[in-house]
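[1] A structural model of the following input is requested.
(one chain, ligands or ions: 2)
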Amino acid sequence: MALTELQERNERLFYKLLIDNVEELLPIVYTPTVGEACQKFGSIFRRPQGLYISLKEKGKVLEVLKNWPERTVQVIVVTDGERILGLGDLGCQGMGIPVGKLALYTALGGVRPSACLPVTIDVGTNNEQLLEDEFYIGLRQKRTRGKEYEDLLQEFMRAVKQNYGEKVLVQFEDFANHNAFELLSKFRTSHLVFNDDIQGTASVVLAGVVAALKLIGGSMSEHRFLFLGAGEAGTGIAELIALEISKKTKVPVEETRKKIWLVDSKGLIVRSRKDSLQHFKQPWAHEHEPVKDLLDAVKAIKPTVLIGSSGVGRTFTKEVIEAVSSFNEKPLILALSNPTSQSECTAEEAYTYSEGRAIFASGSPFDPVEYNGKVFIPGQSNNAYIFPGFGLGLVISGAIRVHDDMLLAASEALAGLVSEENFAQGLIYPPLSNIRKISAQIAANVAAKAYDLGVATRLPRPENLVKYAESCMYSPTYRNYR
Ligand SMILES: O=C([O-])CC(=O)C(=O)O
Ligand SMILES: [Mg+2]
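    Ligands and ions are numbered 1, 2, ... in the order given. Below you'll find the model as predicted:
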C-alpha cells in the first residue's frame with residue numbers, strides 16, 4: 001500500500017527505488033505479496049489504477065479505451081481475473097496482477113510507464129465470497145461464458161488494434177485454462193499477443209533446464225521430465241522443451257514429446273484417457289498403464305526433472321522428493337506455483353528431503369537454507385525474468401507477431417547469462433539484481449529473431465541490438481542542475 005501511494009505521488013521515485021532495490025522490493029510489488037493484495041483488493045482500494053472494461057460496456061469498448069489519457073501505448077497486460085496466480089477466481093480484484101506486471105515492464109524492462117496499460121475485463125466472478133463481500137469492486141454476477149464472453153473479447157482486441165495500431169503488445173495474464181488457450185490461438189495470427197503463463201513461463205523454465213544441465217549433466221534429450229499440473233504452465237513448458245529437443249536433435253516433435261510426462265488431478269496422463277482429455281492435454285497422452293497419483297508416477301516414470309505447475313501447494317511431499325532423489329544424484333526440482341502458499345514444496349523441504357542434492361528453483365522467492373552446515377541459495381524460476389525483456393524486444397523491433405522461435409531466443413539469452421560463479425553456488429538463473437542488463441540481452445535476441453523472421457517493422461535493423469535495446473530503456477534519473 002505504501003509503494004502504491006508512492007507510485008501515484010512520485011512515479012519517478014517509485015521506479016528509482018524499485019530498480020535500486022529489486023531483490024528486496026520484487027516480492028512486494030510482485031509475487032507473493034501481490035497475491036495477498038488481490039485477495040484484499042476491495043478493502044484496500046483507494047484510487048483506481050488501470051482500465052476496467054465490463055460487460056456493461058459492450059458495444060462501446062473503443063470509446064472506453066479512448067478515455068485512457070495516454071495516446072501512445074506499447075504494452076497492455078490484460079486479465080479477466082479467473083485464475084489469479086494459484087489463488088483461483090478473484091474477479092475484478094485481479095487488477096493487481098496487470099498493474100504489478102506492468103510495474104515490472106518498466107522497472108525490469110525499461111518500457112516507459114506512460115506506455116503501459118493495465119486492463120481488467122469484468123465478466124463477473126464465480127467466487128461466492130466476493131459476490132457477498134460489500135467491498136467487492138466488480139459486477140455482482142456469475143461469470144459470463146460462451147458467445148457473450150467471446151464477443152466482448154473480440155471487441156476488445158479489435159478496439160485495441162484500432163486505437164493503438166498493429167504494434168501494441170497484448171499480454172494475456174491469469175486467464176483460466178479454457179479461455180487462455182483459445183484466446184492465444186485465436187489472436188496469434190492477427191495481433192501481437194503473448195500469454196505469459198503459457199509462453200513466458202515456458203521460456204523461463206527452458207532456460208533454467210538448459211542451464212541446469214551444467215550441474216546435473218547430460219543433454220536435454222537424455223532427460224525425463226515429469227510435471228504435476230497440465231494447465232497453461234505445464235503444457236506450455238512441456239511443448240517448448242519438446243520443441244527445443246526437436247530442433248537440437250532433428251527428431252520430430254511428436255517423438256520428443258515422449259520424453260515428457262504429465263500428471264493432472266486424475267493421475268498420469270496416458271493413452272487410455274485420451275478421449276476424455278481437454279485438447280491441450282492430448283499430445284501428452286502416451287502409452288502407459290494408468291497411474292493414480294504423483295508418487296506412483298514418480299516411481300513408474302523415474303524422472304530426472306520434476307516440475308510443479310498445478311497451482312496447488314505442498315504436493316511435493318517428503319515421499320515424492322525422497323523418491324525422485326533415490327534414483328538421481330542431483331534431481332532438478334522446480335516448484336513453480338504461486339504465491340508462496342501454493343508452492344509445491346518449500347526450499348527447505350527440497351534440500352532436506354533430498355539430503356542437499358536437489359537443484360531447486362521456485363516461482364515465488366525463498367530465503368537461503370542452511371542444511372548440514374552448507375548454505376543453499378534457491379533460484380526463482382518466474383516469468384519475470386523473461387516477459388519484460390521479451391516485450392522490450394518486440395517493442396524496439398516494431399514486431400507485429402510473436403513466434404515460438406522468439407521464445408527459444410529469449411530462453412537462450414537467459415541461460416547464457418548464468419556465470420561460473422552462479423553455477424558454483426548451485427544457481428541456474430543469474431541474480432535478479434542484474435535484471436536490466438539481462439532484459440536488454442533478451443530484448444536483443446528476441447528483436448534479432450523478429451528481424452530474421454521478417455516480422456519486424458522498425459527499419460533499418462540497428463547494427464548493435466544490445467546497445468540499441470539499452471538506449472531505448474526508460475531510466476528514472478534525477479538530473480543535476482548544478
Ligand atoms: O505472477 C507470477 O508470479 C507468475 C505468473 O505468471 C503466475 O503465477 O501466474
Ligand atoms: Mg500469471
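[2] What segments of the stretch 151-300 of the chain are helices?
    Counting by DSSP state H, counting those that start in this stretch, the stretch 151-300 of the chain has helices at residues 177-187, 201-216, 232-249, 253-256, 294-301.
[3] Then the stretch 351-482 of the chain?
    Counting by DSSP H, counting those that start in this stretch, the helices of the stretch 351-482 of the chain are 387-397, 404-415, 420-424, 435-453, 465-472.
[4] returning to what we had before: would you turn the helices of the stretch 151-300 of the chain into a markdown table with distance to ligand 2 and mean neighbour count?
    For glycine as for every other residue, the C-beta is placed from the backbone atoms N, C-alpha and C. As requested, the helices of the stretch 151-300 of the chain are exported to a markdown table (distance: least, Cβ to the ion, whole Å; neighbours: other Cβ atoms under 10 Å):
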| stretch | distance to ligand 2 | mean neighbour count |
| --- | --- | --- |
| helix 177-187 | 10 | 18 |
| helix 201-216 | 8 | 24 |
| helix 232-249 | 8 | 23 |
| helix 253-256 | 25 | 14 |
| helix 294-301 | 23 | 20 |
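[5] Around ligand 1, which positions in the stretch 251-400 of the chain sit nearby?
    With the criterion set to Cβ under 6 Å from any ligand atom, the stretch 251-400 of the chain comes near ligand 1 through 338, 363, 382-383.
[6] Using TSV, lay out the residues you listed together with distance to residue 157, pLDDT and neighbour count.
    Shown next, in TSV, are these (distance: Cβ to Cβ, whole Å; pLDDT from 0 to 100; neighbours: other Cβ atoms under 10 Å):
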residue	distance to residue 157	pLDDT	neighbour count
338	27	96	26
363	28	97	30
382	27	96	24
383	22	97	25
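[7] Now the phi/psi pair for the residue of the stretch 1-150 of the chain found nearest ligand 1, please.
    Taking Cβ to the nearest ligand atom, ligand 1 has its nearest neighbour within the stretch 1-150 of the chain at residue 31, 3.6 Å off. Backbone torsions of residue 31, given as degrees, to the nearest 10, read phi -60, psi 140.
[8] Who are the contact partners of it?
    Each residue near residue 31 by Cβ atoms under 8 Å, 6 or more residues apart in numbering is listed here: 85, 338-340, 363-365, 382.
[9] Please report the distance of the residue lying closest to residue 247 once chain neighbours are set aside from ligand 2.
    Leaving aside its sequence neighbours, residue 247 sits nearest to residue 408 (Cβ to Cβ, 6 or more residues apart in numbering; 7.2 Å). As judged by Cβ to the ion, to the nearest Å, residue 408 and ligand 2 stand 20 Å apart.
[10] next one: residue 442
    For residue 442, the distance to ligand 2 (Cβ to the ion) stands at 18 Å.
[11] Also residue 431?
    For residue 431, the distance to ligand 2 equals 22 Å [Cβ to the ion].
[12] Then residue 112?
    Applying Cβ to the ion to residue 112 and ligand 2 gives a distance of 23 Å.
[13] deepest of the helices of the stretch 351-482 of the chain, which one?
    The highest mean neighbour count among the helices of the stretch 351-482 of the chain, using mean count of other Cβ atoms under 10 Å, belongs to helix 387-397: a mean of 30.
[14] quick one: average pLDDT of that helix?
    For helix 387-397, the mean per-residue pLDDT is 98.
[15] what sits against the closest residue to residue 152 other than its chain neighbours?
    Using Cβ to Cβ, 6+ apart and skipping residues adjacent in sequence, the residue nearest residue 152 is residue 58, 5.8 Å away. Contacts for residue 58 (Cβ under 8 Å, 6+ apart) come out as 148, 151-152, 155.
[16] now, which of the residues of the stretch 251-400 of the chain next to ligand 1 sits nearest residue 75?
    residue 383 (14.4 Å; Cβ to Cβ).
[17] all strands of the stretch 51-200 of the chain, in order?
    Along the stretch 51-200 of the chain, counting by DSSP state E, counting those that start in this stretch, strands occupy 51-54, 75-79, 116-122, 169-172, 193-195.
[18] Could you pick out the residues of the chain near ligand 2 for me?
    Proximity of the chain to ligand 2, by Cβ under 5 Å from the ion, involves residues 173-174, 197.
[19] By neighbour count, which of the residues you listed wins?
    Neighbour counts for the residues of the chain next to ligand 2 peak at residue 173, which has 29 neighbours (criterion: other Cβ atoms under 10 Å).
[20] What does that one show for phi and psi?
    Dihedral angles for residue 173 - degrees, to the nearest 10 - are phi -140, psi 130.
[21] For it, give me the pLDDT.
    Residue 173 carries a pLDDT score of 98 in this model.
[22] Verify the stated contact: it with residue 100.
    No. Using Cβ atoms under 8 Å, residue 173 makes no contact with residue 100, being 9.7 Å away.
[23] Which pLDDT value belongs to the residue nearest to residue 152?
    pLDDT at residue 58 comes out at 97.
[24] any idea how far it is from residue 170?
    19 Å (Cβ to Cβ, to the nearest Å).
[25] Residue 436 too?
    With Cβ to Cβ as the criterion, residue 436 and residue 170 are 24 Å apart.
[26] which stretches of the stretch 251-400 of the chain have low pLDDT?
    Across the stretch 251-400 of the chain, nothing is flagged by pLDDT under 70.
[27] Residue of it closest to ligand 2, please.
    Proximity of the stretch 251-400 of the chain to ligand 2 (Cβ to the ion) peaks at residue 383, 6.9 Å away.
[28] For that residue, which non-adjacent residue is closest in space?
    In space, and not counting its chain neighbours, residue 383 is closest to residue 200: 3.5 Å by Cβ to Cβ, 6+ apart.
[29] my guess is the one you found contacts residue 382, does it?
    No. Judged on Cβ under 8 Å, residue 200 makes no contact with residue 382 at a distance of 9.0 Å.
[30] do you know how far the residue nearest to residue 247 is from residue 449?
    8 Å.
[31] Need the residues that contact stretch 237-257.
    By Cβ under 8 Å, 6+ apart, stretch 237-257 touches 199, 201-203, 205-206, 209-210, 219-221, 225, 227, 259-260, 262, 283-284, 286, 307, 309, 404, 407-408, 411.
[32] what do you get for stretch 104-117?
    11, 15, 18-19, 22, 26, 29-30, 50-51, 68, 70, 72-77, 102, 384, 387-389, 391-392, 395, 435-436, 439-440, 443, 472-475.
[33] and whichever residue of the stretch 301-450 of the chain sits closest to ligand 1, how far is that from residue 39?
    Using Cβ to the nearest ligand atom, the single residue of the stretch 301-450 of the chain nearest to ligand 1 is residue 338, 3.7 Å away. The gap separating residue 338 from residue 39 is 13 Å, by Cβ to Cβ.
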